[in-house]
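**Q** Compute the structure for the input listed below.
(chains A and B, ligands or ions: 1)
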Amino acid sequence: MVEALIKRNLKIHPQLNFPDYKSSILRAPKNKKISFSSTSTEFSGPVFNKNILGNLDNDLTLNFSKNNILPIGHKIIVFGKISDQFCNPIEGALIEIWQANAAGKYLHHNDNNSAPIDPNFAGCGRSITSSKGYYEFITIQPGPYPYPNRGIEWRPMHIHFSVFGKSFGQRLITQMYFEGDPLINSCPMVNSIPDEKAKQSLISTLDTSRSNTQKLLSYKFDIILRGTNQTFFENRKEGL
Amino acid sequence: MSNSKAVLDETPFQTAGPFLHIGCLPNAINIEGVFDTDLGVKPFANKDYDKFITITGSVFDGDGKALDDIMLETWQSDENGVYSPECGFARFVPDSLTKKFNLFTLKPGFINDIDGKAQSPHILLSISSRGLNMTLNTRIYFEGDDLTSDPLLSTVKISRNDISSLVAKKIDEDIFLFDIFLQGDKETIFLDI
Ligand SMILES: [Fe+3]
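**A** All right, here's what the predicted structure looks like:
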């Protein structure tokens, strides 16, 4: 028996060709992707050691602050668990996040939004999951922001997530939204996902028990990466 | 033969958007002092540079415009066809002036998969950007290598008669050209990995 990634269910993922999201028109490929049985190329992947992390990598309120001045905005906790499709927690997964500041402005030369930058907030963080698959970030509630699409539209509040599991085929880039945000339903990027349940899975939930004890609003966002199945190869050589 | 059924759905993708450098390559856009170094700057830090090759190219949109607001990631074996979790990963962006990317890396070897089939030397390449609701994946094979018995290329040939978009052209002794076309007549073959 060897392990292989299970086939990806493309029905729960966004459509690449989704003209309501204008930028996809010239970038989404028109041909169907080619499916194939996964090989060692997709099953293997880079693993990142905890020693790459600095002490403040998962605290966005401090990792860019000057003279210990906190960034403007509501300080929040974002936490959750990473597991695979068979509910196995994934230890050692690398999560990288990026986001706008409280005013909805990114620290990026291509952000033309006229909102102010915050000199104490870069908006980047990273973390590696614990033995039980947990991660946690301390950050500032990101603001919604306008962007040109079909005229000017507004992105709901969100945090971008990039995740590496154990296999390159588990690689995921997504966005986390916030429970109760009225902008979620009209967002074309959210609506590029045809499946309602899949859409809902990107919305973090307010964890009041934790918010009350820690005196910070806490949002829970669990992430599911692809699972692996054992596959039997008939012509397998002895000892492999 | 699979022996169990998944109980949970995978978390869906969303676009990486135009500002992905903040989280993935902050030092490259002068956000300094948060992370020591950007990940994937050198895919094989401990290997002998004499054996390295350069893979260069651009990523073109449906208007034929070469893009620079994208992120490329690669995953590959070493020169002996061996994958190891500590090396073989690279992350890079095209140059903002020339719109070309340059990957300086080892040429991967033939890979003996556990099912006994050999894969021709290749690099897995992924593209994330604004306008892409999901990361795209493809493979870079190399002109001059034996590509006749590679399992993936055999699968591709069943539905596409032209596999040339997956093969990097040799333009010099150790320089390969791999242009990527997101749309159009020359649209690159993308893989559901
Ligand atoms: Fe964003």
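
**Q** Just give me the longest helix of chain A.
**A** helix A:208-214 (DSSP state H).

**Q** check contacts around residue A:24.
**A** By C-beta atoms under 8 Å, 6 or more residues apart in numbering or on different chains, the residues touching residue A:24 are A:16-18, A:192, B:131-133. Every C-beta, even on glycine, is put in place using the N, C-alpha and C of the backbone.

**Q** which residues of chain B score low on pLDDT?
**A** Low-confidence segments of chain B, defined by pLDDT under 70: B:1-4.

**Q** all helices of it, in order?
**A** Secondary structure of chain B by DSSP H: the helices cover B:21-24, B:151-159.

**Q** Phi and psi next, for the residue lying closest to residue A:88 once chain neighbours are set aside.
**A** Spatial nearest neighbour of residue A:88, chain neighbours left out: residue A:227 (7.5 Å); criterion: C-beta to C-beta, 6 or more residues apart in numbering or on different chains. Main-chain torsions, residue A:227, degrees, to the nearest 10: phi -90, psi 170.

**Q** Could you tell me the end-to-end distance of stretch A:85-96?
**A** Chord length of stretch A:85-96, first to last residue, is 21 Å (C-alpha to C-alpha, to the nearest Å).

**Q** Can you give the distance from it to the centre of its chain?
**A** Distance of stretch A:85-96 from its chain centroid, counting by C-alpha atoms, centre = their mean, to the nearest Å, is 13 Å.

**Q** What count of nearby residues applies to the closest residue to residue A:17 other than its chain neighbours?
**A** What sits nearest to residue A:17 in space, not counting adjacent residues and going by C-beta to C-beta, 6+ apart, is residue A:28, at 4.6 Å. By other C-beta atoms under 10 Å in any protein chain shown, 23 other residues sit near residue A:28.

**Q** Residue A:22 is in contact with residue A:28, correct?
**A** No. The criterion here is C-beta atoms under 8 Å, and residue A:28 misses it with residue A:22 at 11.2 Å.

**Q** anything in contact with each of the two?
**A** Counting by C-beta under 8 Å, 6+ apart, nothing touches both residue A:28 and residue A:22.

**Q** List the residues that contact residue 59.
**A** This is for chain A. Residue A:59 sits next to A:125, A:137-139 when contact means C-beta under 8 Å, 6+ apart.

**Q** Chain B, not that one
**A** B:66-67, B:70, B:72, B:94, B:101, B:127, B:179-180, B:182.

**Q** send the alpha carbons of stretch A:178-188 over as CSV?
**A** Extracted as CSV, the C-alpha positions of stretch A:178-188 are listed here (Å, rounded to 0.1, in the frame of the first residue of the first chain):
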residue,chain,number,x,y,z
PHE,A,178,-16.2,37.6,9.3
GLU,A,179,-19.5,36.4,10.6
GLY,A,180,-22.3,38.9,10.1
ASP,A,181,-20.6,41.1,7.5
PRO,A,182,-23.3,42.4,5.1
LEU,A,183,-20.8,42.7,2.2
ILE,A,184,-20.2,39.0,2.0
ASN,A,185,-23.3,38.2,0.0
SER,A,186,-22.7,40.7,-2.8
CYS,A,187,-19.0,39.9,-3.2
PRO,A,188,-18.2,38.4,-6.7
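
**Q** what sits up against that stretch?
**A** Applying C-beta under 8 Å, 6+ apart, the set of residues contacting stretch A:178-188 is A:18, A:20-21, A:141, A:144, A:149, A:153-158, A:177, A:190-191, A:203-206, A:219.

**Q** Next, format the helices of chain B as CSV and append mean neighbour count.
**A** Listed next are the helices of chain B as CSV, based on neighbours: other C-beta atoms under 10 Å in any protein chain shown:
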stretch, mean neighbour count
helix B:21-24, 26
helix B:151-159, 16
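
**Q** Any idea which of those helices gets closest to chain A?
**A** Closest to chain A of the helices of chain B, according to C-beta to the nearest C-beta: helix B:21-24, at 3.0 Å.

**Q** what does that closest one rub up against?
**A** A:96-98, A:106-108, A:122-126, A:160, A:162, B:28-29, B:31, B:38-39, B:71, B:91, B:93.

**Q** Now intersect the residues you listed with the strands, please.
**A** Counting by DSSP state E, the part of these found in strands is A:96-98, A:124-126, A:160, A:162, B:71, B:91.

**Q** any idea which of these is the one closest to residue B:11?
**A** Proximity of these to residue B:11 (C-beta to C-beta) peaks at residue A:162, which lies at 12.1 Å.
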